[in-house]
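J.: give me coordinates for this.
(chains A and B)
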Amino acid sequence: MAGTKRLQKLQHKMPLQDKLIRITNFNEVALGYTEDIAIAEARRCLQCKKPGCVKGCPVGVLIPQFIKAISEKNIDEAVRVMKIKNNLPAICGRVCPQETQCEGSCVLIKTGEPVAIGNLERYVGDYELSHRTCPLIKTEQSGKKIAIVGSGPAGLTCAVDLAREGHQVTIFESLHHPGGVLTYGIPEFRLPKSIVHSEIEYAMNCLDIEIKTDHVIGRTMTLDELLEKYDAVFIGTGAGLPIFMNIPGINYIGVLSANEFLSRINLMKAYLFPQYDTPVRIGKRVAVIGAGNVAMDSARCALRLQRIKGIELGEVRVIYRRSRDEVPARINEFRHAEDEGVIFEFLTNPLEILGDSNGNVIAMKCIRMKLGEPDSNGRRQPIPIAGSEFIIEVDTVIMALGTNPNPLVFKNFDKIQTSKYGTIIINEKTGESSIKRLWAGGDIVTGSATVISAMGAGKLAAANIHRFLSGKEPIQEPALSIS
Amino acid sequence: MYKILEKQALSDIIKLLVIQAPHIAKKAKAGQFVILRITQFGERIPLTIADFDAEAGTITVIFQEVGKSTRQLWSLNPGDNLVTLVGPLGNPSEIEKYGTVVCVAGGVGVAPIYSIAKALKNEGNRVISIMGARNKGLLFWEEKMKSVSDDLIVCTDDGSYGRKAVVTTPLKEIISTNNVNRVWAIGPAIMMKFVSIVTMVFNIPTVVSLNTIMIDGTGMCGGCRVLHEEGAKFVCVDGPEFDGHKIAWDSLLLRQGIYRNEEANAIKQWEHTCHLEKTI
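T.: As a prediction, the model looks like this:
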């Protein structure tokens, strides 16, 4: 086999839906490895004694071990190893930025492409979804009650880990479906909702976790009430507040936040209007501002909506003030967006949105940028090029500039310590906030980050909530952050 | 699931539902709203809490049958359930003793203004109320409004009941003959705009309650944003009540029509389905 390993410098390609067909539907783009491909890819792994990949993973998945099990065609064992650290592999395999985490630390990069750890993780996750060989088991009831606020990646992970220890867990979710950003934010073609629902339902059923949807903490109940009724509380409400650029014209019809655009599509299923009641508008010339994952998701949704609605000669542009090299999106999403025909306007920044007398967007005034000296974070700052202003014709503008924490959860609860960015200040080693019996983790602590880092934070908080409820000192793990 | 306990037609197109929701009734205050969804396919509909009873564990919503969803809502019966009901959302009205307060209600705006007028009256204010509608058929709760007002003026655009006038006419008269300390105006955006223009001249603080397009109701989508003197504000979390003198009304009025075509399309489909069901 050693000979094949040397020859196989490149990853086994993920089978994809054809790019001309996929832009006419919302079905998943990446189709998943077959067993044969998975085994062949697993055999590329060198089984390093000191694996860099594990260090690159925010939850420390035992990567060489699960890959070894796949290469030996023992998928049940791969699932078991995976679930020691990660309960949601079908989700993480699809949405983690592997290139900056596990795969970014793979030794094979020196001679070719890294092992496709993300694709293999997804393979294991999908196998478990249909086989369910590794049930979640609850230990003896502890008699302790825990409230989790928010059912996104941080809250779900925290809930599952605590329920396994025998605690009685209730999750409070403000929307009508659980999952947080997995449900309202990430589109069907990247993360099918049936997977999210299946994972959540399975965990809830195995572990008797209750999810109370339609409960807005801060309005329906306050944190004080939760602290009164429960032995411990975890806040994982994410960063849900959209940022609008501070430029003239943001209230014209046709300007919307990526949150609104994606919620209409993913949560409310507006692409199936009028079978579903919620509509979504899309124009012929769409501009998405920003180049993160949310921008890619928005641009690709816009492209699909144009096809579904029969808009001819539609165009979708991503407007980004830095260059191609700085695009913060996951590399696969950026590539898929380009392949699908999204146009990229790099080194460009909007100055003003222009409208007609009926309040509709008709154009956007932009300026070209150049990259200056690196700032203290080592990122080259974009600088406007004087005199380079130009007008671009658009009828839809989607702002995908990131999100801030939503302060609603703190209503009538000012006593909690927060930063100037509105994030909760915690003890990074334990996950506990300034308030006794109250933990927090995920985007509400870090500002917008990734699914997997939120899961890591949920895990750390769960471990320490369990220790607290068992009367033990907190464990002090190194901060589970990724930069 | 949230059970409908009672339904009542207040006029041809204005309808009332009492819904079982103890956890919301316990927290609700005048001026707040809920978001509901009728079916798994349904949109999220924001409606003001017109009344609430913490002891009975119920809330009352009043709505005008305008689009597909509100017609579908009225087609439900006591015993039926809503799939989503979340609240109370938005900030409660700031009820204090102001002195003389004029409460102006247009159309279905009577529903939210009733509990505000009641609270203002309980706080010891002198409450003068003005109710306006396009015609007699759209008026409701006159007796209830009378019971919480020191004085009540009813007017219709076509003169089919009460005075033939728009609400700003009696409002100007009241302001010129009374020392009015505050005005509350709830109704169609165009009415609130003109009330705000009138009171601005007299420099009387004016509270309006905005009902814009929204999805989540928790500050997440930003679809409800309005241009305010202090920048963009979200109706769902910063409101729904605002100082009427600080709102950019024209932008708000234009934004209300964003989904007009889609609404018309949905209504057509709904009528078609209803027709088919009847035929079958």
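J.: who touches the nearest residue to A:Asp76 once chain neighbours are set aside in this structure?
T.: Using C-beta to C-beta, 6 or more residues apart in numbering or on different chains and skipping residues adjacent in sequence, the residue nearest A:Asp76 is A:Thr133, 4.8 Å away. Any C-beta I mention is one placed from the backbone N, CA and C, and that applies to glycine too. Contact analysis of A:Thr133 by C-beta atoms under 8 Å, 6 or more residues apart in numbering or on different chains lists A:Asp76, A:Val79, A:Arg80.
J.: by neighbour count, which of these wins?
T.: With neighbours set by other C-beta atoms under 10 Å in any protein chain shown, the maximum within the contacts of A:Thr133 is found at A:Val79, which has 21 neighbours.
J.: and the strand or helix carrying B:Ile130, what does it pack onto?
T.: Following DSSP states H and E, the helix or strand that holds B:Ile130 is strand B:126-133. If you count contacts as 3 or more C-beta pairs under 8 Å, 6 or more residues apart in numbering or on different chains; DSSP states H and E, strand B:126-133 packs onto strand B:100-106, helix B:110-122, helix B:142-147, strand B:151-156, helix B:168-177.
J.: so for chain A, which of these sits nearest?
T.: Distance to chain A, taken as C-beta to the nearest C-beta, is lowest for helix B:110-122 among the helices and strands packed on strand B:126-133, at 17.4 Å.
J.: pull the helix or strand with minimum mean pLDDT from chain A.
T.: In chain A, no helix or strand scores lower on mean pLDDT, DSSP states H and E than helix A:2-7, which sits at a mean of 50.
J.: can you count the residues close to the closest residue to A:Gly431 other than its chain neighbours?
T.: Distances taken as C-beta to C-beta, 6+ apart put A:Ala461 closest to A:Gly431, at 3.7 Å, once the chain neighbours are dropped. For A:Ala461, the count of nearby residues is 31 (other C-beta under 10 Å).
J.: just to be sure, A:Ala461 is in a helix?
T.: Yes: counting by DSSP: H, G, I helix; E, B strand; the rest coil, one finds A:Ala461 located in a helix.
J.: quick one on the thing from earlier: I'd like the helices and strands packed on strand B:126-133 as a markdown table, with distance to A:Gly93, mean pLDDT and mean neighbour count appended.
T.: Shown next, in a markdown table, are these (distance: least, C-beta to C-beta, whole Å; pLDDT from 0 to 100; neighbours: other C-beta atoms under 10 Å in any protein chain shown):
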| stretch | distance to A:Gly93 | mean pLDDT | mean neighbour count |
| --- | --- | --- | --- |
| strand B:100-106 | 55 | 96 | 26 |
| helix B:110-122 | 49 | 94 | 24 |
| helix B:142-147 | 59 | 95 | 15 |
| strand B:151-156 | 64 | 96 | 19 |
| helix B:168-177 | 62 | 95 | 16 |
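J.: now tabulate those in CSV and tack on distance to A:Pro274.
T.: Below are these laid out as CSV (distance: least, C-beta to C-beta, whole Å):
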stretch, distance to A:Pro274
strand B:100-106, 30
helix B:110-122, 28
helix B:142-147, 37
strand B:151-156, 35
helix B:168-177, 38
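J.: distance from the chain centre to stretch A:261-268, please.
T.: 15 Å (C-alpha atoms, centre = their mean, to the nearest Å).
J.: I'd say the residue nearest to A:Gly431 and A:Gly441 touch.
T.: Yes: at 4.8 Å, A:Ala461 counts as touching A:Gly441 under the criterion of C-beta atoms under 8 Å.
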